[in-house]
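**Student:** next input, structure requested:
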Amino acid sequence: MSEQLLLGIDVGTASSKGLLVGADGGLVRRAIREHSISVPRPGWVEHDAEQTWWGGVRALCRELLGPGDAERVAAVGISGIGPCVVPCDAGDRPLRPAILYGVDTRAEAEARELSERFGAEAILARGGSVLSSQALGPKLLWLSRHEPETWAATRRWHSANSLVVARLTGEWVLDRHSASQCDPLYDLGAEDWAYDWAAEVLPDLVLPPLAWPREVAGVVGAAAAVATGLRTGTPVVAGTIDAWAEALGVGARGPGDLMVMYGSTMFFVLIATAPAADPRIWTTAGTEPGSLTHAAGLATSGSLTAWLREICGEPPFADLVAEAAAIEPGAEGLLVLPYFAGERTPLLDPDARGTITGLTLRHTRGHLYRAALEGIACAARHAFEALSGGAPVRAVAVGGGTRGRLWPQLVSDLIGLEQELTVETLGAAYGACLLAAEGVGLVPAGSSWARTAELIAPRPELHSHYERQYGLYRELHEATVGIQHQLAWEEQR
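**Tutor:** Take a look at the predicted model:
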């Protein structure tokens, strides 16, 4: 009998990626589809869910599945950006563009209102996180208030992975990890919806059934089989949010394991044993029953370097990395606050704004690129200090930003953190494949396919320099935060 295969697809911010792997985790085939975000207003960040999410999945399936492969696919796993929300009709067709995760800050007023109604401490105690632009509850409330006609037509609401699962299977299921980011609508201790609070916030809100990410949500239906090339009846697991799937894919699933994701945003997932009391970070359900994670995220990272590349005439990233690597630490007096889309952990400040300080006529695009990476690394240290509380961790670095090595090296230097790089950096789709394999029993629960390839260690000789630079970074933010807010308010008037 031919080897069984797993299909994993990840719907990302800037692209969707698909993998076909064997039951041993060996790569058979990969594919990618680039796409773009929409920013129709300041603070709004959206995707066309029909074309970007479902259209990308259809195209990836067609590219990945060769002759006879569909019959060998034992299960499908889906991961995606989140928490996001797209309202849909009864046929799971989107009624408006999808509202993205914490980078979309439109529901700040609703977040403040709900915090006042229930109390920030009560929300933290019950749901694990205070309300911020990352929380989904305020965004659902925003939809009901600002787009009442769309809300009245809504029969189901989805995040990225649940929409794809629904289009494949016809089943409306949300994984428990994604649900735990729907604050204040989820009860972390009960591992279930906070039905009383949900009824108070949105009395007409219908809540989907919940499943753990590796549980089978349904099977591929006839229409989806025609659209994708998959075999009718192929099991599809519930899946989860991309960062948590990626943590699984690189073997970060034991207490004290930390995944450091280098992507459009920088994100941290720490496997925990108890809820955190720090309101600056998020405690969420993990990917398996009884598990917890602490998470932190920046608002811009790879998206900032992409912006810089664009305004520099779009030279190859490899050229920018090489130019930046040739410049001395400190970028000859440049300092960047990377808050170009506000900031998440630990500032929780949607009105924070980016700053470039120290510019002179001698500075080049290489200086700017290095300063941007060092600014992101300073922001990563600021977030990490809140996340870890100084406790030792085992860190695994993932994401496209690890390819040039300069960015993760600077993070190691600024934090003093050793990071592992795995042999295969296949992303969240790899974790989705692992969830699918666990869901149908091809591998035991708690398995790992990850193998360490190399270590990125902090450079002791740079410690004193980066300690000074981090101190200046913190001082620059304190000195300019009032101006940042004033400019943000003027922009929004």
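**Student:** can you spell out which residues form a bridge with the spatially closest residue to residue 160 that is not a sequence neighbour?
**Tutor:** Among residues not flanking residue 160 along the chain, residue 80 sits closest, at 2.7 Å (C-beta to C-beta, 6 or more residues apart in numbering). Bear in mind the C-beta positions are built from the backbone N, C-alpha and C, glycine included. Residue 80 has the following beta-bridge partners by DSSP bridges: residue 11, residue 241.
**Student:** assess the claim that residue 80 and residue 239 are in contact.
**Tutor:** Yes - at 7.4 Å, residue 80 and residue 239 qualify as touching, with contact defined as C-beta atoms under 8 Å.
**Student:** quick one: the residue nearest to residue 160 from residue 163, how far?
**Tutor:** Residue 80 is 8 Å from residue 163, where distance means C-beta to C-beta, to the nearest Å.
**Student:** overlap in contacts of these two?
**Tutor:** Common neighbours of residue 80 and residue 163 are listed as residue 53 (criterion: C-beta atoms under 8 Å, 6 or more residues apart in numbering).
**Student:** about what we covered before: residue 80 and residue 239: who's more crowded?
**Tutor:** residue 239 (40 against 31; other C-beta atoms under 10 Å).
**Student:** is it true that the more buried one touches residue 175?
**Tutor:** Yes - using C-beta under 8 Å, residue 239 makes contact with residue 175 at a distance of 6.2 Å.
**Student:** name the residues contacting each of these two.
**Tutor:** The contact lists of residue 239 and residue 175 share 161, 162, 213, where a contact means C-beta under 8 Å, 6+ apart.
**Student:** burial check on the last one, number of neighbours?
**Tutor:** Right, residue 213. 32.
**Student:** for it, which non-adjacent residue is spatially closest?
**Tutor:** residue 240 (4.0 Å).
**Student:** and the one you found, how far is that from residue 168?
**Tutor:** Taking C-beta to C-beta, one finds residue 240 at 15 Å from residue 168.
**Student:** higher neighbour count, the two?
**Tutor:** Each of residue 240 and residue 168 has its neighbours counted (other C-beta under 10 Å); residue 240 has more, 33 against 27.
**Student:** what about that one, distance to residue 339?
**Tutor:** Taken as C-beta to C-beta, the span from residue 240 to residue 339 is 28 Å.
**Student:** check residue 22 too.
**Tutor:** For residue 22, the distance to residue 339 - C-beta to C-beta - is 43 Å.
**Student:** ok, now residue 156?
**Tutor:** With C-beta to C-beta as the criterion, residue 156 and residue 339 are 35 Å apart.
**Student:** same thing with residue 476?
**Tutor:** 11 Å.
**Student:** ditto for residue 291
**Tutor:** Where residue 339 is concerned, residue 291 sits at a distance of 32 Å (C-beta to C-beta).
**Student:** who's more crowded, the two?
**Tutor:** residue 339 (27 against 17).
**Student:** low-confidence stretches in this structure?
**Tutor:** Within the chain, the set of residues satisfying pLDDT under 70 comprises 1-2.
**Student:** so if we follow the domain assignment, how does it break up?
**Tutor:** 5-243, 251-424+459-493 (automatic domain parsing).
**Student:** wait, residue 135 touches residue 180, no?
**Tutor:** No - shown here, residue 135 and residue 180 do not form a contact pair, counting by C-beta under 8 Å, at 10.6 Å.
**Student:** which neighbours do residue 476 and residue 339 share?
**Tutor:** Joint contacts of residue 476 and residue 339 (C-beta under 8 Å, 6+ apart) are residue 355.
**Student:** re earlier: so which of the shared contacts of residue 239 and residue 175 are in helices?
**Tutor:** Counting by DSSP state H, the part of the shared contacts of residue 239 and residue 175 found in helices is 161, 162.
**Student:** quick one: the shared contacts of residue 239 and residue 175 as TSV, columns for distance to residue 405 too.
**Tutor:** Conversion of the shared contacts of residue 239 and residue 175 to TSV gives the following (distance: C-beta to C-beta, whole Å):
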residue	distance to residue 405
161	30
162	35
213	31
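**Student:** neighbouring contacts of the helix or strand residue 270 falls within?
**Tutor:** Assigned by DSSP states H and E, residue 270 belongs to strand 266-272. Residues from elsewhere that reach strand 266-272 (C-beta under 8 Å, 6+ apart): 243-244, 247, 252-261, 283, 286, 291-298, 301-302, 345, 376, 379-380, 383-384, 387-388, 393, 401.
**Student:** buried only: go through those residues for me.
**Tutor:** In those, burial by neighbour count holds for 243-244, 247, 252-253, 257-261, 283, 286, 291-298, 301-302, 345, 376, 379-380, 383-384, 387-388, 393, 401, counting by 16 or more other C-beta atoms under 10 Å.
**Student:** is it true that residue 147 touches residue 106?
**Tutor:** No - under the criterion of C-beta under 8 Å, residue 147 is not in contact with residue 106, lying 11.0 Å apart.
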